[in-house]
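>>> Whatever this is, show me its structure:
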Amino acid sequence: MVVEQTPGNPYPTTTVRIKPKTSPLSADNAKVDLWLREQPNPVDTFTQFDYEYIKKQLQGYLNPGEAEATPAEPTEAIEPVAPPVA
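Predicted structure coming up:
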């Protein structure tokens with residue numbers, strides 16, 4: 001990251017630019033290939049909850065005194081949508 005200031009102005013402006021630094025995952029190409037092949041699919045790993053469950057959780061967080069006596073249970077997980085194939 002680079003921070004630049006423009007001098008000579010009574011109200012100087014500051015600009016922040018991202019300066020990415022790249023590095024290899026590993027020097028061993030076999031390890032990189034293995035990591036890429038065996039990377040888990042996040043859609044299969046994490047549960048996608050329905051709107052009502054998320055709404056109950058948010059309301060419980062925002063209004064803790066008004067929370068229900070029993071915790072909200074997910075009613076149904078949403079079926080993941082496959083990304084379009086290009």
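
>>> can you give me the helices in this structure?
In the chain, helices defined by DSSP state H lie at 29-37, 42-45, 51-62, listed in chain order.

>>> Could you single out the most deeply buried of the ones you listed?
Of all the helices of the chain, helix 51-62 has the most neighbours on average by mean count of other CB atoms under 10 Å, namely a mean of 13. Glycine gets a C-beta too; all of them are placed from N, C-alpha and C.

>>> where's it relative to the chain centroid, distance-wise?
19 Å (CA atoms, centre = their mean, to the nearest Å).

>>> go on, stretch 55-64?
21 Å.

>>> can you give me the mean pLDDT across it?
Per-region confidence: stretch 55-64 scores 92 on mean pLDDT.

>>> Just the pLDDT at Ala86, thanks.
pLDDT, Ala86: 55.

>>> so can I have CSV of the helices of the chain showing distance to Pro20?
Shown next, in CSV, are the helices of the chain (distance: least, CB to CB, whole Å):
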stretch, distance to Pro20
helix 29-37, 19
helix 42-45, 23
helix 51-62, 34
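
>>> Of these, which is nearest Lys21?
Among these, helix 29-37 comes nearest to Lys21, with 18.4 Å by CB to CB.

>>> What is the closest one packed up against?
For helix 29-37, not one helix or strand is in contact under the criterion 3 or more CB pairs under 8 Å, 6 or more residues apart in numbering; DSSP states H and E.

>>> nearest to Thr14, of the helices of the chain?
helix 51-62 (35.2 Å).
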